[in-house]
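Novice: After the sequence you'll find the predicted model.
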Amino acid sequence: MGSTRTETMAEAGRSLPTIRRAVVKVGSQVLTTADFQLERDVFEALADDVVELRRRGIEVAIVTSGAVAAGIGRLGLTEKPKTIPEKQAVAAVGQLNVLWLYKEVFGTRGLAVGQVLLTRDDLENRRRYQNAKSTLQTLFRMGIVPVINENDTVMVEEIKFGDNDNLSALVTNLVEADCLVILSDIEGLYDRDPKSDPGARLLPRVDAVDETVEAFVGASKSHAGTGGMGTKLLAAKRATHGGAAVVIASGKVPHNLLRVFDGEEVGTFFPPTDDPLTRRKHWIAYTVKTLGRLVIDRGAVQAILGRGKSLLPSGIRRVDGDFDRGDAVSLTDPAGTEIARGLVNYSAEETRRIAGLATWEIADRLGYDWGDEVVHRDDLVVLLSSNGFASKTPTDG
């Protein structure tokens, strides 16, 4: 970006790092009308903005919603399907329409798009995670715009992301993007619900998503989508902890995306944390599902939180769940408060057998050992509180 644009961002309180790659999430409410028809003008404006961003040297990946909504419109249904098989069938129909429109509007501007469908399983498994990353990196290198969506046609509850806001935050970390822009049907985060309170005030900047900020948000959901402002705040928290700036803005205003990158005070801006998690620790913290719990004593809690130590078997008091070596587990203090998450070096059965032992006793008990640490500090992410991850842990330094 040129110096003029950087100065404009600073004046607006939105001093961004140099942006080389961005993720843009577009919601169903933005892409469809009230009667579930695709808004071609919105697709056209989005394509224009992406063309201009690429001219400025910024690569863009799009996380798109709209498959189910488009399927509802295409099939003439009067309401959203309720069962997973119905959603899968409707999404299979709607996905064709959504991608066809992306293909057409970008194609007329000389850009090719490539469809990438993901499930949580794809990102939880480290090998498949790396495969997805390689595919997306190759698309960028070939000058193709990735259009990413959850694979609705094969989803089950166990492998769902929950919503595309969450998916967009995980993709931001996956592709190592510098910025996430969430285009919604409202202007940004308000201190109250603007639909019920005309005195609600738009917040132009939020430095941290904490309990005070979360209290602004209700559990509202749109008629076409799956998430409200709460899911967008959670996505902002996750993306900023990975080192990306986040903007939540209206996608109904033509070319708002370009205004964001021009540094105009559009929507709500969330700056990246000063000390972000590494990519690997972000993956452990936000992508991998925990399969068990280790209850640790107060000495182990102090060693992990205060001194950035690994978890040794001597500090473990109880083992819950059924997990294998390399799986993610939650670490809790004796009162049950989660203080960390990490990848284990021992299975649940092995951990139960060595819990409370000194490290030199591991091989005597098992007949072998995988190392002194049950969870090594390099595979450990410390929690800031019960509902958020620390932007930097002692082990990151």
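Specialist: Done, it's in.

Novice: Show residues contacting the top helix by length along the chain.
Specialist: Assignment by DSSP state H gives helix 84-107 as the longest helix of the chain. If you take Cβ atoms under 8 Å, 6 or more residues apart in numbering as the criterion, helix 84-107 is touched by 31, 38, 40, 43-44, 46-47, 50, 62, 64, 66-75, 77, 80-81, 112-113, 115, 145, 147, 149, 152-157. All C-beta atoms are positioned from the backbone trio N, CA, C, and that covers glycine.

Novice: what do you get if the cut-off is 6 Å, keeping everything else the same?
Specialist: With contact meaning Cβ atoms under 6 Å, 6 or more residues apart in numbering, helix 84-107 is reached by 38, 43-44, 47, 66-68, 70-71, 74, 81, 113, 115, 147, 152-153.

Novice: Quick check: of these, which has the highest neighbour count?
Specialist: Using other Cβ atoms under 10 Å as the neighbour test, the contacts of helix 84-107 are led by Gly66, with 32 neighbours.

Novice: wait, what's in contact with the most centrally placed residue in the chain?
Specialist: Residue closest to the mean C-alpha point of the chain, counted by Cα atoms, centre = their mean, is Ala169 at 2.2 Å. Taking Cβ under 6 Å, 6+ apart as the contact definition, Ala169 lies against 235, 238-239.

Novice: same thing but 8 Å
Specialist: Going by Cβ under 8 Å, 6+ apart, Ala169 touches 180, 234-236, 238-239, 242, 286.

Novice: ok so, going back, show only the entries of the contacts of helix 84-107 found in helices.
Specialist: Cross-referencing the contacts of helix 84-107 against helices under DSSP H gives 43-44, 47, 67-68, 70-71, 74.

Novice: Now flag whichever of the contacts of helix 84-107 is closest to Val329.
Specialist: Among these, Asp152 lies closest to Val329 (Cβ to Cβ), at 29.8 Å.

Novice: where along the stretch 251-397 of the chain do the helices fall?
Specialist: All helices of the stretch 251-397 of the chain, identified by DSSP state H, counting those that start in this stretch, fall at 256-261, 279-282, 298-307, 348-354, 362-366.

Novice: out of the contacts of helix 84-107, who's nearest Phe323?
Specialist: Closest approach to Phe323 among those (Cβ to Cβ): Asp152, at 28.7 Å.

Novice: didn't Arg21 look like it was pressed against Asn173?
Specialist: No: here Arg21 does not reach Asn173: they are 11.8 Å apart, not a contact under Cβ atoms under 8 Å.

Novice: So which of those two has more stuff around it?
Specialist: The neighbour comparison of Arg21 against Asn173 (other Cβ under 10 Å) goes to Asn173, with 27 against 17.

Novice: Next, give phi and psi for the residue nearest to the centre of the chain.
Specialist: Backbone torsions of Ala169, given as degrees, to the nearest 10, read phi -70, psi -40.

Novice: Could you find the closest non-adjacent residue to Gly57?
Specialist: Distances taken as Cβ to Cβ, 6 or more residues apart in numbering place Arg20 nearest to Gly57, at 6.9 Å, with adjacent residues excluded.

Novice: ugh, wrong one, Glu350
Specialist: Spatial nearest neighbour of Glu350, excluding adjacent residues (Cβ to Cβ, 6+ apart): Leu366 at 6.2 Å.

Novice: so how far is Gly315 from the one you found?
Specialist: 18 Å (Cβ to Cβ, to the nearest Å).

Novice: Spit out the contact partners of the residue nearest to Glu350.
Specialist: By Cβ under 8 Å, 6+ apart, the contact list for Leu366 reads 350, 353-354.

Novice: Next one, pLDDT for it please.
Specialist: On the pLDDT scale, Leu366 is placed at 95.

Novice: Numbering from 550 from now on, please.
Specialist: Will do, 550 is the new start, and the previous item becomes Leu915.

Novice: Please report the distance of it from Val878.
Specialist: Separation of Leu915 from Val878 (Cβ to Cβ) stands at 18 Å.

Novice: what about stretch 833-848, start to end distance?
Specialist: End-to-end span of stretch 833-848 (Cα to Cα, to the nearest Å): 24 Å.

Novice: my bad, stretch 732-744
Specialist: Taking Cα to Cα as the criterion, the two ends of stretch 732-744 lie 18 Å apart.

Novice: Can you point out the buried residues in it?
Specialist: Buried residues in stretch 732-744, counting neighbours by 16 or more other Cβ atoms under 10 Å, are found at 732-739.

Novice: same check, this time on stretch 718-729
Specialist: Neighbour counts over stretch 718-729 (16+ other Cβ under 10 Å) mark 718-724, 726-729 as buried.

Novice: likewise stretch 638-653?
Specialist: Using 16+ other Cβ under 10 Å as the burial criterion, the residues of stretch 638-653 that qualify are 638-640, 642-644, 646-648, 650-652.

Novice: what does stretch 867-883 give?
Specialist: Across stretch 867-883, burial judged by 16+ other Cβ under 10 Å covers 868, 872, 876-882.
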